[in-house]
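Participant: Build the 3D model from these lines:
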Amino acid sequence: METLSREPDRVVFGVGAESATAELLIELGAQRVLLIAQDRHAEGAARIAHALGSRATFVFTTDRPQVPAEVAAAAVARARTDGVDWVLAHGGGTPIGIAKAIALELPVKIAAVPTTYAGSERTNIWGITRDERKLTGRDDRVRPRLVVYDPSLTLALDRALSLDSLWNALAHSVEALYANDATPEARRAAEDSLSLLIAGITTIAKDPQDLAGRTLALRGASLASLSLGAASMGLHHKLAHVLGGTLGTPHARTHATLLPYTLGFNAPAVPETVQLLARAWNTDDPPAFIYDLQRSLGLATSLRALGVTAAQALRVVDEVLLARYPNPRAIDRNALVTLLDDALHDRRPSLHTLRSVVPSGAQGPHAAMTVTWRGAPIEDARVVVLALHGRGASADRFAADLQRRLETRNDVAFVAPQARDNTWYPKGFLAPLAENQPWLDSALSVVDALWQKLASTLDARRIIVVGFSQGACLALTWLSRTAARPQHVLAFTGAATPLPDADYAAASGVTLYIGSAEKDPWVTRDVVESSAARFAAAHAQLTLSVVPGDLHELHAPDTEALLRAVEAAASGDS
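Facilitator: So this is what the prediction gives:
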């Protein structure tokens, strides 16, 4: 067991350190101690109460997160009745938050034994939820005087909560790095935490019982907490507090979900921080790095996964704009609406992505969504891939995925429109046409508008239309009735929607690839083959690839077809 810092904040770290807590409290002069815990994790507080003997007055527990005002009031009343001089919080952010609420009202000192990576144990920041609004502030009375870190206590935290809590800690460090008022100590702590937290995240994701990984994670979280306590938090924390206080979203998961988006938003204003993060994580794109890592660990990366609706997001915008808080990049309503809209649509943040409006000629709900551009600058590109994402996906993720599959080439531009609510049309591609309107017509108009824009400045032979799943169905439906004359179309698991004006004229001479799995659960083999036959009859130069299995994904032959098409388009070969 080692001591990391001196009074007034005494911090003890070590496996088994919890057992020394009662002795440390007595050494610091504690006479009457109120213990705070959560209902489902009260054993640790009970152990310390037993060790304290008559000095322990009561174990106060709650099952409600976000420190509701009425819970805080009940805890204050208990502390007043018991005449306590110390309050010990055992657990995560909620018990520590309740202890802080007591310290705002009574002359008590706080001790904390954190069992998560939330980070409030070394700060003077308090938060209380009242009338669906989380009120926060800073007051040195609430800063814990004793913190006991015991990595073994975090073993009881399951994988999902552990990872979310660590992302929450990482958010503290990231915001401290670009806070104007951060102390040198806070900046050093934040910087030192970066690699530790990512190592903890990846290790715990593989094995939640790895005590060495838990120790790395807790060291990183303790540094993140130190940075949080000595720097002003900006837009990220304000958004997380409003979402949690107003909509009741889970505290740590809200922070985890928001972090790639808020970092991507602030990145243009903080190039030095971006460079520091890039070095720490060995990446040229820190927002995309943490987004991709979360997805690779099976974590949700959209506000919709937290139950947030578009209407609720607008309420959040209004409340966030009411408050004054520091942030490195100026915030206005349009920028904030765009940020939350990206988070709702799960659009992968990236330093290498640009956005534009849909060209004129598009109509309907999808026409209002911005288009993603990445890869080579359009004026330098030898090939342009017009990428149509699948149902539930996003333009940014699909464009990035295609670019990864062409990583050996730097002469390809990727242009990807985004579907409103991540869906080009609500029903299946073979549903009665009226049930998919006006979304289907809107989607087709977006593809047409982008094609015309690109073809006006680039040889059409150098444009490849690529779609996956619902995007593949959209690409083939567009090809069945468009006035355009594309040269290369690739449909990864899709078939055309029968349209009354489909004449398949555009398919004549087109190099068309259709790929699928033999037992794909969403687009059956017979439907794929029937659609392919119609295009073949229209004199498309067709390649049909059906692989064994039932996986709904891009398959190896699909990637090979993409590589061939890009090579052919780059050479102008038809």
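Participant: and stretch 462-482, how far apart are its ends?
Facilitator: Start to finish, the residues bounding stretch 462-482 are 18 Å apart (C-alpha to C-alpha, to the nearest Å).
Participant: Enumerate every residue touching residue 47.
Facilitator: residue 18 (C-beta atoms under 8 Å, 6 or more residues apart in numbering). Yep, even glycine has a C-beta here, placed from its N, CA and C like the rest.
Participant: Just the pLDDT for it.
Facilitator: pLDDT recorded at residue 47 is 97.
Participant: Following element in sequence after whichever strand or helix holds it, please.
Facilitator: Assigned by DSSP states H and E, residue 47 belongs to helix 43-52. Next helix or strand after helix 43-52 toward the C-terminus (DSSP H and E): strand 56-62.
Participant: Listing partners with orientation, what would you give for that following strand?
Facilitator: Under the criterion DSSP bridges, strand 56-62 sits next to strand 33-38 (parallel) in its sheet.
Participant: If I take the strand it pairs with and helix 43-52, what angle do their directions form?
Facilitator: Per axes from the mean of the first three to the mean of the last three C-alpha atoms, to 10 degrees, the angle that strand 33-38 makes with helix 43-52 is 170 degrees.
Participant: contacting residues around strand 33-38?
Facilitator: Residues beyond strand 33-38 that count as contacts (C-beta under 8 Å, 6+ apart) turn out to be 25, 44-46, 48-49, 52, 55-63, 75, 78-79, 82, 84-92, 94-96, 98-99, 102, 108, 111.
Participant: List only buried entries from those residues.
Facilitator: The neighbour count (16 or more other C-beta atoms under 10 Å) marks 25, 44-45, 48-49, 52, 55-62, 75, 78-79, 84-92, 94-96, 98-99, 102, 108, 111 as buried among the contacts of strand 33-38.
Participant: which stretches of the chain aren't confidently modelled?
Facilitator: Regions of the chain meeting the criterion pLDDT under 70 cover residues 1-9, 573-574.
Participant: Domain-wise, how is it divided?
Facilitator: Following automatic domain parsing, one gets these domains for the chain: 2-155, 157-351, 354-571.
Participant: Tell me where the stretch 1-150 of the chain has strands.
Facilitator: Assigned by DSSP state E, counting those that start in this stretch, the strands in the stretch 1-150 of the chain fall at 2-5, 10-13, 33-38, 56-62, 86-91, 109-114, 125-130, 133-138, 146-149.
Participant: now, of the ones you listed, which is deepest in the fold?
Facilitator: Most buried of those by mean neighbour count (mean count of other C-beta atoms under 10 Å) is strand 86-91; its value is a mean of 29.
Participant: Could I get the full set of helices for the stretch 351-500 of the chain?
Facilitator: Secondary structure of the stretch 351-500 of the chain by DSSP state H, counting those that start in this stretch: the helices cover 395-405, 439-455, 470-479.
Participant: With distance to residue 506 added, can I get those in TSV?
Facilitator: Putting the helices of the stretch 351-500 of the chain into TSV (distance: least, C-beta to C-beta, whole Å) gives the following:
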stretch	distance to residue 506
helix 395-405	22
helix 439-455	10
helix 470-479	5
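Participant: measure residue 156 to residue 368 for me?
Facilitator: Distance of residue 156 to residue 368, given as C-beta to C-beta, to the nearest Å: 47 Å.
Participant: Then residue 514?
Facilitator: Relative to residue 368, and taking C-beta to C-beta, residue 514 is found at 31 Å.
Participant: Of those two, which one has the most company?
Facilitator: residue 514 (29 against 14; other C-beta atoms under 10 Å).
Participant: Tell me if I am right that the more buried one is in a strand.
Facilitator: Yes. If the criterion is DSSP: H, G, I helix; E, B strand; the rest coil, then residue 514 is within a strand.
Participant: OK, contacts around it?
Facilitator: 472, 476, 491, 494, 528, 531-532, 535, 542-545.
Participant: Could you rerun that using 7 Å?
Facilitator: 491, 528, 532, 544 (C-beta atoms under 7 Å, 6 or more residues apart in numbering).
Participant: And the third one, how far from residue 518?
Facilitator: The spacing between residue 532 and residue 518, counted by C-beta to C-beta, is 14 Å.
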